[in-house]
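> Here is a sequence together with a model predicted from it:
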Amino acid sequence: MKLYALSDVHIRFPANREALQAMPRYPDDWLIVAGDVGETAEHLADAMGIFTTRFAKVLWVPGNHELWTMPRETPGLRGEARYRHLVEVCRDFGVLTPEDPYPLWEGEGGPSVIAPMFLLYDYTFRPDSVPVEKAIDWALEQRILATDEALLHPDPYPTRQAWCEARCRETEARLLQLPEGLSTVLVNHWPLRQDLAILPAIPRFSIWCGTRRTEDWHRRFRAKVVVSGHLHIRSTRYVDGVRFEEVSLGNPGQWLPERGAHGYLREILPGPKPAPPRGG
């Protein structure tokens, strides 16, 4: 029994959809889907229809692409209403979401509470010398502008920052209620730390990549592993002895078709075994 994770499957691309459809079954294992499945509720339903026939249990958190309100999409829901609609789509398939009770992983590497989170971003992943009101101008200096600015609406909140703050407060309160001494697997589409939101080709895209509010959550909430996506840069990093996994599949050209989508499943628990000691 293993816990796997995958994100940014972007099912709108035929090659990605075909790779998901070709995924073998893992009847005893769980899967974390860490956001950016697609841009429509239909994309989400299609992907969950695949994943729930391959895995014993599936957990989902939204990415920015799911939250986009696409032109001419029906229903054209925005912001919180859109998110709640996507939660119901997942629940129709028995998929756990950030709105459901956190499940307890009791397989190998456990016990650990798996905490799917929806936290958004607040433009704080930027140099201290850049005021928040100038963050987008700072990104535009390098001709970088996220599509979120046109399609990700915060309704009924006045700004994305306000929505992020509300989500962080609500999630923090839930995490504080967990039993002391019980480890966690924290799951969010966006990285929890600024030092992990590094995009060498487009460094100023970082302002759309998370919030400084969560910099110490891996310590505060006893994380064994932190799972994220969004960057399309797969990695395993350690901070304060905690393993951070970026688990993106990505767009065509960012993964090898011969490996298939299943070749990019990241084992979260029990996780990689320590390297053997060197020498005799």
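The structure has been received and is ready for your questions.
> The protein: strands as residue ranges?
Along the chain, the segments classed as strands by DSSP state E run 3-6, 26-33, 55-60, 104-105, 112-116, 183-187, 223-228, 235-239, 242-246, 266-269.
> okay if I get these as a markdown table plus distance to Trp163 and mean neighbour count?
Where C-beta positions appear, they are placed from N, C-alpha and C, glycine not excepted. Below are the strands of the chain laid out as a markdown table (distance: least, Cβ to Cβ, whole Å; neighbours: other Cβ atoms under 10 Å):
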| stretch | distance to Trp163 | mean neighbour count |
| --- | --- | --- |
| strand 3-6 | 25 | 24 |
| strand 26-33 | 21 | 20 |
| strand 55-60 | 19 | 22 |
| strand 104-105 | 29 | 17 |
| strand 112-116 | 17 | 24 |
| strand 183-187 | 19 | 25 |
| strand 223-228 | 18 | 26 |
| strand 235-239 | 26 | 13 |
| strand 242-246 | 23 | 21 |
| strand 266-269 | 27 | 21 |
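> Looking at the ones you listed, spot the one closest to Asp122.
strand 223-228 (16.0 Å; Cβ to Cβ).
> hang on, the earlier thing: now the strands of the chain as JSON lines including distance to Ala201?
What follows is the strands of the chain, written out as JSON lines (distance: least, Cβ to Cβ, whole Å):
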{"stretch": "strand 3-6", "distance to Ala201": "22"}
{"stretch": "strand 26-33", "distance to Ala201": "25"}
{"stretch": "strand 55-60", "distance to Ala201": "28"}
{"stretch": "strand 104-105", "distance to Ala201": "35"}
{"stretch": "strand 112-116", "distance to Ala201": "29"}
{"stretch": "strand 183-187", "distance to Ala201": "26"}
{"stretch": "strand 223-228", "distance to Ala201": "18"}
{"stretch": "strand 235-239", "distance to Ala201": "15"}
{"stretch": "strand 242-246", "distance to Ala201": "15"}
{"stretch": "strand 266-269", "distance to Ala201": "22"}
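> wait, which of those is closest to Trp138?
It is, among these and with distance given as Cβ to Cβ, strand 223-228, at 23.1 Å.
> what comes into contact with the closest one?
Contacting residues not belonging to strand 223-228 are listed as 5, 7, 32, 34, 109, 112, 183-192, 196, 217-218, 242-247, 266, 268-269, 271 [Cβ atoms under 8 Å, 6 or more residues apart in numbering].
> rerun at 7 Å
5, 32, 34, 112, 183-192, 218, 242-247, 268-269, 271 (Cβ atoms under 7 Å, 6 or more residues apart in numbering).
> same question, stretch 76-83
With Cβ under 7 Å, 6+ apart, stretch 76-83 has contacts from Pro62, Leu67, Thr69, His85, His153, Pro154, Asp155, Pro156, Tyr157.
> ok, so of those, who is nearest Ala139?
Of the contacts of stretch 76-83, the one sitting nearest to Ala139 (Cβ to Cβ) turns out to be Pro154, at 18.3 Å.
> Go ahead and build a PyMOL selection from the buried members of the contacts of stretch 76-83.
If you want just the buried ones from the contacts of stretch 76-83 in PyMOL, going by 16 or more other Cβ atoms under 10 Å, the selection is:
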select buried, resi 62+67+69+153+154+157
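> Is it correct that Ile233 is in contact with Glu246?
Yes: using Cβ atoms under 7 Å, Ile233 is in contact with Glu246, at 6.1 Å.
> And for the residue nearest to Gly35 when sequence neighbours are not counted, the neighbour number?
Nearest non-adjacent residue to Gly35, counting by Cβ to Cβ, 6 or more residues apart in numbering: Gly63, 2.7 Å away. Neighbour count of Gly63, defined by other Cβ atoms under 10 Å: 26.
> Also the one 3 residues further on?
Around Glu66 there are 24 other residues, counting by other Cβ under 10 Å.
> quick one: contacts for the residue lying closest to it once chain neighbours are set aside?
Spatial nearest neighbour of Glu66, excluding adjacent residues (Cβ to Cβ, 6+ apart): Leu86 at 5.7 Å. Leu86 sits next to Ala41, Leu44, Pro62, Glu66 when contact means Cβ under 7 Å, 6+ apart.
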